[in-house]
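# no sequence for this one, just the structure:
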């Protein structure tokens, strides 16, 4: 089950270890614009991606994929993969 948009936005704040208030300030929107009760407008979501360009917009909009763009295989799995095929 995919989490809601508000949970994904909170996950961004947690990832950057900032409060929702700070996230809103960095994005340039009011706290109300990202409240649980309100679905953020597309422009607000674009501001989030502009302020945090590492965020995968597909994940933000749908919950599919990785939160961060260009997420890579963890080192340990990458190491095992390269050893297997040498």
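The structure has been received and is ready for your questions. The structure presented is a predicted model; accordingly, all values stated were derived computationally and were not measured.
# which stretches of the protein have low pLDDT?
1-2, 36-38, 71-86 (pLDDT under 70).
# run the chain-centre distance for the lengthiest helix in it.
Ranked by number of residues, the top helix in the chain under DSSP state H is helix 5-16. Distance, stretch centre to chain centre, for helix 5-16: 6 Å (C-alpha atoms, centre = their mean, to the nearest Å).
# what's the first helix or strand after it?
Counting by DSSP states H and E, the next helix or strand C-terminal to helix 5-16 is helix 20-27.
# surely residue 29 is in contact with residue 47?
Yes. Counting by C-beta atoms under 8 Å, residue 29 touches residue 47, with 6.3 Å between them. No exception for glycine: its C-beta is placed from N, CA and C like everyone else's.
# doesn't residue 11 make contact with residue 23?
No. With contact defined as C-beta under 8 Å, residue 23 does not reach residue 11; the gap is 10.7 Å.
# in terms of neighbours, single out the busier of these two.
residue 23 (21 against 15; other C-beta atoms under 10 Å).
# what sits closest to the more buried one if chain neighbours are left out?
Closest residue to residue 23 apart from its sequence neighbours, by C-beta to C-beta, 6 or more residues apart in numbering: residue 13 at 4.6 Å.
# do the same with residue 41
In this structure, residue 41 finds its nearest non-sequential neighbour in residue 33, 7.6 Å apart by C-beta to C-beta, 6+ apart.
# ok, the one you found - contacts?
Residues in contact with residue 33 (C-beta atoms under 8 Å, 6 or more residues apart in numbering) are 24, 40, 41, 44.
# redo those residues as CSV? Include distance to residue 64, secondary structure and neighbour count.
Listed next are the contacts of residue 33 as CSV, based on distance: C-beta to C-beta, whole Å; DSSP: H, G, I helix; E, B strand; the rest coil; neighbours: other C-beta atoms under 10 Å:
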residue, distance to residue 64, secondary structure, neighbour count
24, 25, helix, 23
40, 18, coil, 19
41, 21, coil, 11
44, 20, helix, 18
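# let me know the closest of those residues to residue 63.
residue 40 (14.4 Å; C-beta to C-beta).
# the closest one against residue 12, yeah?
No. Taking contacts as C-beta under 8 Å, residue 40 lies outside contact range of residue 12: 11.9 Å.
# brilliant, that's me finished.
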